[in-house]
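**Q** this one's sequence-less:
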């Protein structure tokens, strides 16, 4: 069977979109090719809608097949298991730009599946999956009518790269994913090494221009094979019902939205909704509307009132102005036995962040399609139900927790010290104890402070802020430090993190059909000012990184030895290194390069282990004077041990500055004597001189520390 194909050039890569060869029973299917990477995406929507559904039940799954990289999965069952963290994050990456583009009223169960079936080191399977999923929807009969493109932008040596390879990404100071339509940006997510706002906007502008060929290719493919779109069910809110609800709840609902405390505000809103339900239940005459119809009308008025309050009066639900940031309270070092801790509270959002240090054994092992690797910095975000006053089963982290944790991890990673100067594994845990918006940004602030409290020498503290948007036609309001209500009823959630010098991470999600770079520029400037304000609060709580680590944190000392000395340190069957660990209680790791890491919570024990290893690997320096012990006396001289495992010969002629008849007249076995290293020959034999050592250092020193003769 011959597929229908179109091509596009993105950056310097040729991308091919095809359909008609694979997965033909799906409502829509598309395969995208770029060099050796191939992604198949399918779209299927139910033909019937479940009664009472008033939202889009969209499921997105990104999956990586091990065979794509010529691998067999590990484990007992030898097949792919539950989604990896990377698969979960890429599922979210596909979902976020596509979900806002489904039309209102399309509430049919819909599933998108993007499968990586072949992969090379191109490093763009994630953005390719976004394009493939958009294509599958766009050419199907599902009422999705605006194609989306996505690209990745890197920055190497001051030069932007569109869709950089994995090798290029390793050297890039920017890792940015941008998705958008022909006219606007839909999603931004990325990490940077303190990138200036202007550079960041330049990257977004380049990304949007690079997306256009992918949009054009999808339009061409739809012209060739696109199906007729399904009609949309009419589900408008009855104007009569809206008027009745309005007359009953206005102005009480407006006043309720002005209550600054979240729980009190919600209790008042819930009470008003209960009253309006009771009113319709008691009303005689026309058939009473359903609870769902009443809720939809009530919720629509809540949305309108909140947005009008912001656009017209420039006042927000908790009484703040548009650019105001909620009160901030910070405590650091509050947990006595942890390595570093911070309690960061902003308004009604609170994060307990805890930093824990470990050795390389504590690093996370990752087996991905691109190969095996280790991860030394891990950030885990937990969102227990009590943080929003709810009861839910406590299970493993969901997609939201994984996504928020990844964002905070990306925000803090650029300021970590290099492994060479700080060879620790680092785990940060953020437990959200209260939540009313921006909990991931509280995690960034709290995590930065917890690392500073732990004595981790980060380059600079990082702060984060979530920006919002209310847009009605030409009326626009940009909000700083948004509440949960403003996120729910607003048009944008734009999270920005960074140091005083620049941006370290961003994540933008929108609910409208895109925003322009002009609006993004305004939001970034407000975010920068808000970030600097939060940074000042953080500095008041903890001005700089603590000089001393917690006494409960491991101490890791490093030393480098020659590779040919590794065998001596390990010893036969590990005897030598095992003896050191038994005597000192430390943990020792040696890699093939000769780098040794010694870890212990007892710094004295760690130093003792360093001394023992140095004695093993120490090499004789010609011209240096040593205090050695006489091991053997022969007719022609004395064999002197300079340090464990290293012995040299002091010839009888080098014992004194006079003629010596018998060696035993001068030294005996067990004596401590001063000797100078004269020579180390090609065979490694060491020639020593006692008479030259005494001439330089003086005999008094030898007599004082020697055997007492």
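**A** Received it, and whenever you're ready, just let me know what you need. The model shown is predicted, which means the values in this text are computed figures rather than measured ones.
**Q** CA only for contacts and neighbour counts going forward, please
**A** Noted.
**Q** could you list the low-pLDDT ranges of the chain?
**A** Along the chain, the parts satisfying pLDDT under 70 run over 1, 234-236, 284-286, 514, 699-709.
**Q** quick one, longest helix in it?
**A** helix 197-225 (DSSP state H).
**Q** which neighbouring elements make contact with that helix?
**A** Secondary structure elements in contact with helix 197-225, counted by 3 or more CA pairs under 8 Å, 6 or more residues apart in numbering; DSSP states H and E, are strand 4-10, strand 13-19, helix 125-139, strand 149-156, strand 159-162, strand 174-180, helix 517-541.
**Q** got TSV for those, with mean neighbour count and distance to residue 354 too?
**A** Output for the helices and strands packed on helix 197-225, formatted as TSV (neighbours: other CA atoms under 10 Å; distance: least, CA to CA, whole Å):
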stretch	mean neighbour count	distance to residue 354
strand 4-10	17	43
strand 13-19	19	44
helix 125-139	29	31
strand 149-156	26	32
strand 159-162	17	36
strand 174-180	26	27
helix 517-541	17	16
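**Q** okay, the ones you listed in JSON lines with distance to residue 587 next?
**A** As requested, the helices and strands packed on helix 197-225 are exported to JSON lines (distance: least, CA to CA, whole Å):
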{"stretch": "strand 4-10", "distance to residue 587": "50"}
{"stretch": "strand 13-19", "distance to residue 587": "49"}
{"stretch": "helix 125-139", "distance to residue 587": "40"}
{"stretch": "strand 149-156", "distance to residue 587": "39"}
{"stretch": "strand 159-162", "distance to residue 587": "43"}
{"stretch": "strand 174-180", "distance to residue 587": "36"}
{"stretch": "helix 517-541", "distance to residue 587": "35"}
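**Q** so which of the ones you listed comes closest to residue 77?
**A** In terms of CA to CA, the element of these nearest to residue 77 is helix 125-139, at 25.9 Å.
**Q** what angle sits between that closest one and strand 13-19?
**A** If you take axes from the mean of the first three to the mean of the last three CA atoms, to 10 degrees, helix 125-139 sits at 40 degrees to strand 13-19.
**Q** among the helices and strands packed on helix 197-225, which is nearest residue 269?
**A** Proximity to residue 269 (CA to CA) singles out helix 517-541 among the helices and strands packed on helix 197-225, at 30.2 Å.
**Q** who does the helix or strand following the closest one touch, helix- and strand-wise?
**A** Toward the C-terminus, helix 517-541 is succeeded by strand 555-560 as the next helix or strand (DSSP states H and E). The contact analysis (3+ CA pairs under 8 Å, 6+ apart) places strand 555-560 against strand 595-600, helix 603-617.
**Q** buried stuff in the last one?
**A** By neighbour count with 16 or more other CA atoms under 10 Å, helix 603-617 contains the buried residues 603, 605, 606, 607, 609, 610, 612, 613, 614, 615, 616, 617.
**Q** quick check: buried residues in the next helix or strand after it?
**A** Where DSSP H and E defines the elements, the next helix or strand beyond helix 603-617 is strand 625-634. Across strand 625-634, burial judged by 16+ other CA under 10 Å covers 625, 626, 627, 628, 629, 630, 631, 633.
**Q** closest to residue 596 out of those residues?
**A** Of all these, residue 626 has the smallest distance to residue 596: 25.9 Å, by CA to CA.
**Q** which residues does the closest one bridge with?
**A** Beta-bridge partners of residue 626, counted by DSSP bridges, are residue 675.
**Q** for residue 416, see how far away the residue nearest the centre of the chain is.
**A** For the chain, the residue nearest the mean C-alpha position is residue 409 (2.8 Å; CA atoms, centre = their mean). In this view, residue 409 and residue 416 are 11 Å apart by CA to CA, to the nearest Å.
**Q** ok, residue 369 touching residue 63?
**A** No. Counting by CA atoms under 8 Å, residue 369 does not reach residue 63; the two are 11.2 Å apart.
**Q** mind listing the shared neighbours of these two?
**A** Common neighbours of residue 369 and residue 63, using CA atoms under 8 Å, 6 or more residues apart in numbering, do not exist here.
**Q** so what's residue 605 up against?
**A** Counting by CA under 8 Å, 6+ apart, residue 605 has contacts 584, 585, 586.
**Q** in strands, which of those residues fall?
**A** Counting by DSSP state E, no part of the contacts of residue 605 is found in strands.
**Q** so which of those residues is the most crowded?
**A** residue 586 (22 neighbours; other CA atoms under 10 Å).
**Q** I'd say it and residue 606 touch.
**A** Yes. Under the criterion of CA under 8 Å, residue 586 makes contact with residue 606 at 6.2 Å.
**Q** joint contacts of the two?
**A** Residues touching both residue 586 and residue 606 (CA under 8 Å, 6+ apart) are 598, 599, 600.
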